[in-house]
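> Show me the folded form of this:
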Amino acid sequence: SQRVQYHQQNVDKAQTKVRSKKDNVAGVTLPVFECYTDGADTFQWTGLSRGGQQVARCKEFFAKAVSLMVDLASLQTSFITLDEVIKITNRRVNAIEHVIIPRIERTISYITTELDEREREEFYRLKKIQEKKKEMRAKKEAAAKLRNATVTDGGGREAPNMLSTAEDDEILFR
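Alright, predicted model coming up:
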């Protein structure tokens, strides 16, 4: 009973402690845990009389078990964090594949259609302008021919055009 009280009084803080560090894996910050011993062994004289070797071996196995559990906790935390990041990345990929890319493709198709329509309108407009220019040129030429064809005499009357193709009365010379 006296030994138990002695051991309970010596247990005021943990000898094995866990330290956390950060590790960067593919742009993801992961916590990494490692265990270390802090302070002197308060149980170094335990069991010197009877069963000391068994207690020391049990203590050694317990330290290994704690170390393995800390490594396992570090791996599990890393797996959970990476799984969450992978899920987020998959959601983003799905959003890009099924929402953003089709939207951009529809926008490109709409813009292409509008540009084609404007090109057709421009072509039609240019054709109409050419037709109007031809008509105006033909009217100007007709007006110029008409001006050249009609000559007036001094009295304001139009003199007949001698070069016109209109049929003249046949004149017979005897």
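> just the strands in this structure please.
Under the criterion DSSP state E, the chain contains strands at 16-25, 28-37, 151-152, 158-159.
> Please work out the average pLDDT along the third one.
Same thing as strand 151-152. Per-residue pLDDT over strand 151-152 has a mean of 50.
> ditto for the last one
Strand 158-159 comes out with an average pLDDT of 60.
> so where's the chain uncertain?
1-12, 39-51, 149-174 (pLDDT under 70).
> re the thing from before, need the winner for burial among the strands of the chain.
By mean neighbour count, with neighbours taken as mean count of other C-beta atoms under 10 Å, strand 28-37 ranks first of the strands of the chain at a mean of 14. Backbone N, C-alpha and C define where each C-beta goes, glycine included.
> now for that one, which elements pack on it?
strand 16-25, helix 52-95 (3 or more C-beta pairs under 8 Å, 6 or more residues apart in numbering; DSSP states H and E).
> among those, which is nearest Cys35?
helix 52-95 (4.4 Å; C-beta to C-beta).
> Just want the angle from that closest one to strand 28-37.
On the basis of axes from the mean of the first three to the mean of the last three C-alpha atoms, to 10 degrees, helix 52-95 is oriented at 170 degrees to strand 28-37.
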